[in-house]
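[1] My questions concern the predicted model and sequence given below.
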Amino acid sequence: MSGAFPFLWNRRFQISVLKSYPLSIDRMSDSDDQVDFKNLPTLLTEWKKLQEDKQKVLEEKKKINERIREHDKRAEAMQKMILPIMKKNSIGALDLKSSNARALFKKRVIKSPLGIKEMKVYFKEHFKGDEEANKLLEFLDTKRETIIRESLVYEKNDA
């Protein structure tokens, strides 16, 4: 193996190394590193296949999600017609004999989401001013944990 980059593996992968991360044979003196380095083409081939399969599955998922959204819209429209009738006639449940099931009228009370905008409004109201509310929001923002995620991205060249 020569130390010159870029070079070809199996005439399929051209590996170019960034200047900020020079790779040399000296760094790979350990036999485990050499084995890992030799396995890289195989790993990249399998990873590429997985990425391409994933794209196909994502397209299928998109079609299925479109169908689900359409069903949800139709069900919501029907629900908007059924609920007022059930409320008007004080019907709590209907037995659906054909499917051996029931349609129940349920009422829940939930709280609205609490985002940054809402917190800012509530803090201003509580502290009776902008200054302390902004200080508290800045404090909360500085205390939030930051997470660094590294990943390998598959980008297909359409040429």
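    Now that the structure is in, tell me what you want to look at.

[2] Look up how far N65 lies from the residue of the chain most remote from its centre.
    Distance from the C-alpha centroid of the chain peaks at N89, with 43.8 Å (C-alpha atoms, centre = their mean). In this view, N89 and N65 are 36 Å apart by C-beta to C-beta, to the nearest Å. In this view, the C-beta of every residue, glycine as well, is placed from N, C-alpha and C.

[3] shaky segments in the protein?
    1-30, 159 (pLDDT under 70).

[4] if you set the cut-off to 90 instead, what comes out?
    Residues of the chain meeting the criterion pLDDT under 90: 1-40, 91-100, 102, 105-107, 111-116, 120, 127-130, 141-146, 148-159.

[5] can you pull out the helices in it?
    31-88, 116-127, 130-143 (DSSP state H).

[6] nearest to R149, of those?
    helix 31-88 (17.4 Å; C-beta to C-beta).

[7] Of the helices of the chain, which is nearest N100?
    Across the helices of the chain, closest to N100 is helix 31-88 (C-beta to C-beta), at 19.1 Å.

[8] Against which helices or strands is the closest one packed?
    Helices and strands touching helix 31-88, as assessed by 3 or more C-beta pairs under 8 Å, 6 or more residues apart in numbering; DSSP states H and E, comprise strand 13-15.

[9] Apply 10 Å and report the result again.
    Under the contact criterion of 3 or more C-beta pairs under 10 Å, 6 or more residues apart in numbering; DSSP states H and E, helix 31-88 touches strand 7-9, strand 13-15, strand 93-96, strand 101-104.

[10] burial count for A133?
    19 (other C-beta atoms under 10 Å).

[11] And the helices of the chain: which comes nearest K107?
    helix 31-88 (9.6 Å).

[12] To L152, which of the helices of the chain lies closest?
    Closest among those, using C-beta to C-beta: helix 31-88, at 7.2 Å.

[13] ok so, going back, nearest to N157, of the helices of the chain?
    helix 31-88 (12.1 Å).

[14] Off-centre distance for that closest one?
    10 Å (C-alpha atoms, centre = their mean, to the nearest Å).

[15] Check stretch 120-140 too.
    31 Å.

[16] hmm, who's touching that stretch?
    L114, I116, M119 (C-beta atoms under 10 Å, 6 or more residues apart in numbering).
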